[in-house]
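1. Let's see this in three dimensions:
(2 chains)
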Amino acid sequence: MTDKPHLDEEALAELQDVMDDEFDVLIQTYLADSRTRLDSLWQTLNAGDADGFAKSAHSFKGSCVNIGAPCLGALCMEAEQLGKAGKLEAAPAVVKAIEAEFSEVSARLTTFGDVS
Amino acid sequence: MKVLIAEDSDSDRLILSALVRRLGHDVFEARDGIEAVALYAQLQPDIVLLDALMPRMDGMEAARQIKALAGERLVPLIFLSSLSDASELARCLEAGGDDFLVKPYNRVILEAKINAFNRMRSMHQVLSDQRDQIRRQNESLVEEQELARRVFDNVAHTGCLNADNISYHASPMSVFNGDVLFAADRPGGGTLIFLGDFIGHGLPAAIGAMPVAEIFYGMATKGFGAADILREINRKLCRILPVGMFCCGAMVEADFKIGQLRAWNGGLPDGWLVRANGERVAIPSRHLPLGVQNTEQFSASMTVLPAAPGDQVIIMTDGFPESSNRQGQQFGEAGVRKVLEQLQPGEAPFHALMTRIRQFTDKPEATDDITLCVLTIIHQEQHQAQNDRLTESALAGPVDWHCVYEVREQTLADFNPLPLLLHICMEVPGLRRKSGEVYTLLSELYNNALEHGVLQLPSEWKASPDGFGHYYQERKRRLSQTRGHYIRFSLGHQPTETGGRLQVVCEDSGPGFDFERYFEKVSDTGLPSGPKYAGRGLAMLRRMARQLRVHGCGNHVEIVYDWEAVDGNDRAQPGHNETQRIADD
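-> Presented below is the predicted three-dimensional model:
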């Protein structure tokens, strides 16, 4: 499941090239965005809103693959599929995994910005 | 290019905007569907990139609204999506999307898609512009045609097409299909109809129609016969039409007085004479169309048929038999023949043909390019009366004069002097109103002098169908032997207190015949059908003329014709206008 890398460094390098001065802004935006998405995942899960849960997971997945966090993206997709299937009972474990992976990704992204 | 990006994820929007901006486009950003629609309405971007899942209004709904706003404009809509199942992607396209772009965004693919859609967009724009241009040109063409038709209608007024005994179908714009239909009353009674079908369409066909209309109406009112008019039309068309363009046509000249129909068909489908008793006679094309042969080769020889009141003459352009049904089959000349064969007693051929063609083509309105005309032969008495309405020329003209005009030798066969003689008489102010009577007087005298005087044709022949044909064959033969013969008209006019007196003397070189007894004998033959031409002719002359005297052996006839001028409203009108003008000053 977590055979994918935490960060796709090649993709990130390309983004750095594209965004130029705005790369840091992008990273900060992504991190802030992701925290909101994570909150939204817990909220919809606690409310038993499977549809809302799937949608939040879907959007989260999109921004993760764009920024170059394939492992987090894969976890989000797993959550999305559970939401779509209405199997929220299995979801808390996945959201916890997402939470853990997200802290990993945030740490690495911060470092990645510093290194480059 | 202006590119609108609608995406609720801030980081995704940042990335995409940066990518698109790098490609050199102007980027406008929206965070949800509502913003996207509003921005679209405000900025009219060239391409829209749209996330499918957005708060407030999702991408599908935004796509529908943007397509509606765009109308005819092509706005490529590209959906943005993280890879999901295929059916979701398909739904994006069903909602009006033109393509989708899958996350993570790939710079190369994005650029390729934007460029491809830009090509499509500009191609669409070129097509739309060209279509609009064609539409504008077509509108102005229709306007021009309508204007041209009004001019044409003034030249080719309907003549007497609206007479009770004429039924016709012609599209209002038929002149631009090359079809023309004219009808005129002959000064001496009877009706003249010309139906023409110019090769080709549009302006060239319409331009050719103008001089034909002028010639037809101009010559018809001056008393020229069908053959003369046909020759003149042919001569004119030969001169003005380019090679390869010509006019198929048919001319019908009906003389109600003597019960005779003269027909000419050059290139049109068979015309038909349907007699009151149901009998049918075809009038097939025996000539080349007008505008093909030069004057020397052109033949205006008319088919002469006896015709009685109730008989109907049908002529049509090839659009009629060539009308096709939904299966692509043509109505055909056989179809026309069948309709006429199946006519019920009392059923009008015009009505039957039009009803059948509508059923056949399955169109409630007959198509534009068919022209059909049916003339019903009526009694001469019915036909008179309407001829007395011509306005008088305000110019003064000759009232007291005398002239002698003699036609001799070969000219007797080649030339009809009646239009010229009528023209001389019509110069008398006020006499134009009587042109019908004067023409009748002149033509009775001339025809008697020519056919019975010079050519010595017995009028009895015309009373039977066989003799009728024989009569005209013999007439033609004898016209080639006019050596030493002449017909001399002495015309004179004097004013009287109330109008004028026209004196006509007609002499011919024939051995003469007993006018009176000759006519009585013919009218006594008592044949059931047949025109009884001579007897009626004399009675009519008697009724119109104040005096009819036959001198010598019958080859010298003298007529005195008194006419009254009318003090009608026509004359009061100018005085009234003048008073009006003074008051205004």
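2. what sits against residue 55?
-> Here I'm looking at chain A. With C-beta atoms under 8 Å, 6 or more residues apart in numbering or on different chains as the criterion, the residues that contact A:Lys55 are A:Gly83, B:Leu53. Where you see a C-beta, it was placed from the backbone N, CA and C, and this is true even at glycine.
3. The chain in question should be chain B.
-> If you count contacts by C-beta under 8 Å, 6+ apart, B:Pro55 has them with B:Asp8, B:Asp32.
4. tell me the secondary structure for it?
-> Going by DSSP: H, G, I helix; E, B strand; the rest coil, the secondary structure assigned to B:Pro55 is coil.
5. could you pull out the strands for chain A?
-> All residues of chain A lie outside strands when identified by DSSP state E.
6. Which single residue in the stretch 151-300 of chain B comes nearest to chain A?
-> For the stretch 151-300 of chain B, the residue closest to chain A is B:Gly202, as judged by C-beta to the nearest C-beta, at 60.4 Å.
7. Show the backbone phi and psi for the residue lying closest to that residue once chain neighbours are set aside.
-> Leaving aside its sequence neighbours, B:Gly202 sits nearest to B:Phe176 (C-beta to C-beta, 6 or more residues apart in numbering or on different chains; 5.7 Å). Dihedral angles of B:Phe176 (phi, psi; degrees, to the nearest 10) stand at phi -90, psi -10.
8. Equivalent analysis for B:Gly335, please.
-> phi -60, psi -40.
9. Report the contact partners of the closest residue in space to it that isn't next to it in sequence.
-> The spatially closest residue to B:Gly335, leaving aside those adjacent along the chain, is B:Pro321, at 6.6 Å (C-beta to C-beta, 6+ apart). Applying C-beta under 8 Å, 6+ apart to B:Pro321 gives the contacts B:Pro269, B:Gln330, B:Phe331, B:Gly332, B:Glu333, B:Gly335, B:Val336.
10. wait, which of those is closest to chain A?
-> Comparing those against chain A with C-beta to the nearest C-beta places B:Gln330 closest, at 64.1 Å.
11. name the helices or strands packed onto the host helix or strand of B:Ala183?
-> Under the criterion of DSSP states H and E, B:Ala183 resides in strand B:179-185. Under the contact criterion of 3 or more C-beta pairs under 8 Å, 6 or more residues apart in numbering or on different chains; DSSP states H and E, the helices and strands touching strand B:179-185 comprise strand B:191-198, helix B:202-221, strand B:372-376.
12. Mind listing the strands that strand pairs with, and their directions?
-> Partner strands for strand B:179-185, per DSSP bridges, with pairing direction: strand B:191-198 (antiparallel).
13. Spell out whether the lowest-mean-pLDDT helix or strand in chain A and chain B are in contact.
-> Lowest on mean pLDDT, DSSP states H and E among the helices and strands of chain A sits helix A:91-115, with a mean of 85. No. Counting by C-beta under 8 Å from any C-beta of the partner chain, chain B is not contacted by helix A:91-115; separation bottoms out at 11.1 Å.
14. Contact residues of chain A facing chain B?
-> Remark: the part of chain A in contact with chain B comprises A:11, A:14-15, A:18-20, A:22, A:25-26, A:29-30, A:32-33, A:55, A:58-59, A:61-63, A:65-68, A:73, using C-beta under 8 Å from any C-beta.
15. Good, wrapping up.
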